[in-house]
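>>> predicted coordinates and the sequence they were generated for:
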Amino acid sequence: MMKFGALYWSVAVLACLGISACDVSTKAQAPEADAQETAVQDEAADETKTALPKAASGAEVSMVDGTNPDDWPSYGRTYGEQHFSPLDQVNAETVDRLGLAWSLDLPVGNTTTQPIVVDGVIYFAARYSVVHAVDAVTGELLWTYDPEVPQHVDDAGRMLIAWGSRGIAWWNGKVYTITNAGRMIALDTETGEPVWEKQIIAPDDQSYFTAAPRVFDGVVVIGNSGDTGPTRGHFTALDAETGEQLWRFWVVPGNPEDGFERPELEMAAETWSGEWWKFGGNGAPWNAYTYDPETGTVFVGTGNGFPFNHRLRSEGEGDNLFLSSVVALDLKSGEYKWHYQGTPADTWDFTMTHDMALADLEIDGELRKVLVTAPKNGFFFVIDRITGEFISAEPFVKVTWATHYDENGRPVEAPGARYEPGTTFDGWPTVFGGHNWQAQAYSPQTKLAYIPVVDLGGTFTDNTDETTWDPEHGEITTGLDATGDVENSDRPEEATAALLAWDPVKQERVWRVQADRMVPAGVMATGGGLVFQGAVDGYFSAYDAATGEEVWSYDMKAPGVIAPVTYAVDGRQYVTILTGTSGVPSAWGRMVHDLGLDYRSIDRRVLTFALDGEATLPPRTVVDLQKPEDPDYEPMPELEEAGRELYGGMCATCHGYKAVAGGRAPDLRYSPMQLDADMFEAVVQDGALLSAGMPRFGFLSDEDIEAIRQYVRAQAHDPELDEAKNVTGMAIAPR
């Protein structure tokens, strides 16, 4: 069950229920381009062209694919979001000389922010959006800027789910960071001082921000995240120089009686039923944005609906636009161009908020300008980026919810995929997706996509008859329960993560490298014919981009799940990656725990490599954790059950499922705080550790606090948690 106000997250989240198909097409695309449309596009392209942005030194920085490889100025390096660099000094012949050039230790906290690099300076955010500037050659820390997120946020809901951001942006001598509560801040790259700051959501907006903002042709774009309440997804564009809001695109329609902000939302409202607006509808575009400067089009990947269960959200009717879609908008005006909906009437949390790369591919003898993406639902999509026309989709992991996509781009769903109450569906993929937020790459050199995938099946069960459905009085259920089951999987050898090379034209696997742990990591491809990827076990590897052969590996002595970047200074190529595990779903706590890792022992660092690098790292930090003696503990089943529900809603996202932590926050079973009721209350209820990132749950009663404490004590006394492997039921994957 989920409660808002006293925010409950179900420990076993998400299942599904059936609907009838809506008669509105999966896609609503622009008319086929004729000569007049081509002329309009050419004119639009001319209008969108701007001078190249400049670094503080005055050097021009290109963000167009295939140019100026020395920098990595945006999340995907360029507008096309390929996570590819043409640099080739480090290649299959030289990679065995790749060594550590320097390292920089970081404070405890989130390190899941991919760096950007411009003109010899690395920029990244750690902890709660604390921005760092580091000399890219020496590793010298130049400056930091702390937006003091915990001190500004009195909303535990945002704090517990929004652990920081996946990246920052750069443009014309400024870097841009977003806080989880929606403060967009532009900083001077030389001094780290704020240039401007804008609050982009209202106080009553229950959404939050974890995405990396992008700057496309002088426009800062960012989408919100949802799932902590009745949120409505939106995508916002700001002027990069002033912070002025230029436009906003709402993903789902609001209450029709209030009118519609845009004409396309009136169209979208025809695909909804019931009183969806009372629950927000969600659709939050929480991760993926791509830009085509030739047409001035920004592509936005949108999220799942809320509640997750389509029967609750929309009375089981309609496609629910623009959920789980790619939406094409004009960058300068925000005008709607077209959309393609990958999962109509989504009821499995199959978001489409995952990397979208631009590519030019020869398909059936014709060169097509396409967008390629591998979202949660397990199908790899190729879409015409000019018109929105569906070209193809094929499963890149095991899929059971649909058999294929028809010629119109609609999925043909498997019998039983949409649950009626009282039934259970063996679903592949799960809510983790075949691919989640970890960056994929596309190489124009090999014309292959490289995807960090998860192969995991589980059960989806409708729970609408078990829980309260009363948004006006604060209690809401998702209508779904879902669990992933590794040990009972019918393919245990693939119930894990892997690195997959995929041919978008042939729509087939080229190679696959299996991982030992089910924690995928972001990917980077290079002109040296290499694919780089970190891992939760601490090894950083390079693979031959054509064959998948591992050609280099380095023990980072700490997990690394964010994608690496590469750049060049004075003719020397460098490769940089951050270590740490924040952002890893709490469900993987058992797996991280099995590696002997703990919040206190994980080394957070910036690691930078170059040919003939000779720096070294100290041994892995080892902390001898001992559970505190608790001779006064007595089982109290009713209190512990109440604590279990509260813990699942308030604590599991950070402190781990069943209190087995995954490195994102301390393992409370080893904390002496559980023995001291006053100390526990001071931290959880009063915010004694707010500055360290621990939210203040002031709305919890003294009885609630004691129930959580009792549950933690019970988990500390459970010997099965020290022996069990592969616990995979989850609270909620970080967004």
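Arrived safely, thanks for sending.
>>> excluding chain neighbours, give the residue nearest to Gly548 in space.
Trp511 (3.4 Å; Cβ to Cβ, 6 or more residues apart in numbering). C-betas here are computed from N, CA, C, even on glycine.
>>> list the contacts of that neighbour.
Leu500, Ala501, Thr547, Gly548 (Cβ atoms under 8 Å, 6 or more residues apart in numbering).
>>> helices along the stretch 151-300 of the chain, start to end?
Per DSSP state H, counting those that start in this stretch, the stretch 151-300 of the chain carries helices over the ranges 156-161, 263-269.
>>> going by mean pLDDT, which of those helices comes out lowest?
Per-segment mean pLDDT for the helices of the stretch 151-300 of the chain reaches its minimum on helix 156-161, at a mean of 55.
>>> next, the closest residue to Ala55 other than its chain neighbours: phi, psi?
Ranked by Cβ to Cβ, 6+ apart and with sequence neighbours excluded, the top spatial neighbour of Ala55 is Asp119, at 3.6 Å. Note on Asp119: backbone dihedrals following degrees, to the nearest 10 are phi 50, psi 40.
>>> let me know the pLDDT of Asp119.
Reported pLDDT for Asp119: 95.
>>> picking up where we left off before, in helices only, show me the contacts of Trp511.
Counting by DSSP state H, none of the members of the contacts of Trp511 fall within helices.
>>> residues near Pro86, how many?
18 (other Cβ atoms under 10 Å).
>>> same question but for Thr459, I mixed them up
Thr459, neighbours per other Cβ under 10 Å, totals 18.
>>> determine the set of other helices and strands touching the helix or strand hosting it.
Using DSSP states H and E, Thr459 sits within strand 458-462. In terms of contacts (3 or more Cβ pairs under 8 Å, 6 or more residues apart in numbering; DSSP states H and E), strand 458-462 is packed against strand 424-427, strand 480-484.
>>> mean pLDDT for those: which is lowest?
Among the helices and strands packed on strand 458-462, strand 480-484 carries the lowest mean pLDDT (a mean of 60).
>>> Val131 touches Val121, doesn't it?
No. If you go by Cβ atoms under 8 Å, Val131 and Val121 don't touch, sitting 11.7 Å apart.
>>> phi, psi for Ser317 please.
To be clear, residue 317 is Glu; Ser isn't right here. The phi/psi pair for Glu317 (degrees, to the nearest 10) is phi -130, psi 150.
>>> please apply the same query to the one 4 residues further on.
Backbone geometry at Leu321, expressed as degrees, to the nearest 10, gives phi -70, psi 150.
>>> out of everything not next to it in sequence, what's closest to it?
Using Cβ to Cβ, 6+ apart, the closest residue to Leu321 is Ala268 (3.9 Å).
>>> does anything pack onto the helix or strand hosting Val575? Which helices or strands?
For Val575, the host element (DSSP H and E) is strand 572-578. Contacts defined by 3+ Cβ pairs under 8 Å, 6+ apart place strand 572-578 against strand 121-126, strand 565-569, strand 605-611.
>>> pick the most deeply packed of the ones you listed.
Mean neighbours per residue, mean count of other Cβ atoms under 10 Å, is largest over the helices and strands packed on strand 572-578 for strand 121-126, with a mean of 26.
>>> for that strand, the distance to its chain's centre please.
Offset of strand 121-126 from its chain centre (Cα atoms, centre = their mean, to the nearest Å): 18 Å.
>>> quick one: stretch 141-154 to chain centroid distance?
Counting by Cα atoms, centre = their mean, stretch 141-154 comes out at 22 Å from the chain centroid.
>>> for stretch 347-366, same thing?
Using Cα atoms, centre = their mean, the offset of stretch 347-366 from its chain centre is 17 Å.
>>> hmm, back to that, list the neighbouring strands of the strand holding Thr459 plus their orientation.
strand 424-427 (antiparallel), strand 480-484 (antiparallel) (DSSP bridges).
>>> quick one on the thing from earlier: now do the strand holding Val575: everything it contacts.
With Cβ under 8 Å, 6+ apart as the criterion, strand 572-578 contacts 87, 89-90, 98, 101, 106, 111-115, 117, 122, 124, 126, 136-137, 532, 534, 540, 556, 560, 562-568, 604-611.
>>> now it - C-alpha only, CSV.
The C-alpha trace of strand 572-578 is given here as CSV (Å, rounded to 0.1, in the frame of the first residue of the first chain):
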residue,chain,number,x,y,z
ARG,A,572,46.6,13.2,-24.8
GLN,A,573,43.4,11.2,-24.4
TYR,A,574,41.9,10.6,-20.9
VAL,A,575,39.1,8.4,-19.6
THR,A,576,37.3,9.3,-16.4
ILE,A,577,34.8,7.4,-14.2
LEU,A,578,33.3,8.0,-10.8
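>>> begin at 58 from now on, thanks
Fine by me, first position is 58 from now on; the one you just mentioned is strand 629-635.
>>> neighbouring strands - and their directions - for that strand?
strand 622-626 (antiparallel), strand 662-668 (antiparallel).
>>> count the residues that sit near Trp200.
Using other Cβ under 10 Å, Trp200 has 16 neighbouring residues.
>>> quick check, Thr444 in contact with Trp395.
Yes. Counting by Cβ under 8 Å, Thr444 sits close enough to Trp395 to count as a contact (6.6 Å).
>>> got the buried residues for the strand holding Val632?
Using 16 or more other Cβ atoms under 10 Å as the test for burial, strand 629-635 gives Gln630, Tyr631, Val632, Thr633, Ile634, Leu635.
>>> kindly state the pLDDT recorded for the closest residue to the fifth one other than its chain neighbours?
When the adjacent residues along the chain are set aside, Ile634 lies closest to Pro621, with 4.0 Å between them (Cβ to Cβ, 6+ apart). We have a pLDDT of 97 for Pro621.
>>> for Pro621, what are its contacts?
Pro621 neighbours (Cβ under 8 Å, 6+ apart): Gly579, Met581, Phe589, Gln590, Gly591, Phe597, Val632, Thr633, Ile634.
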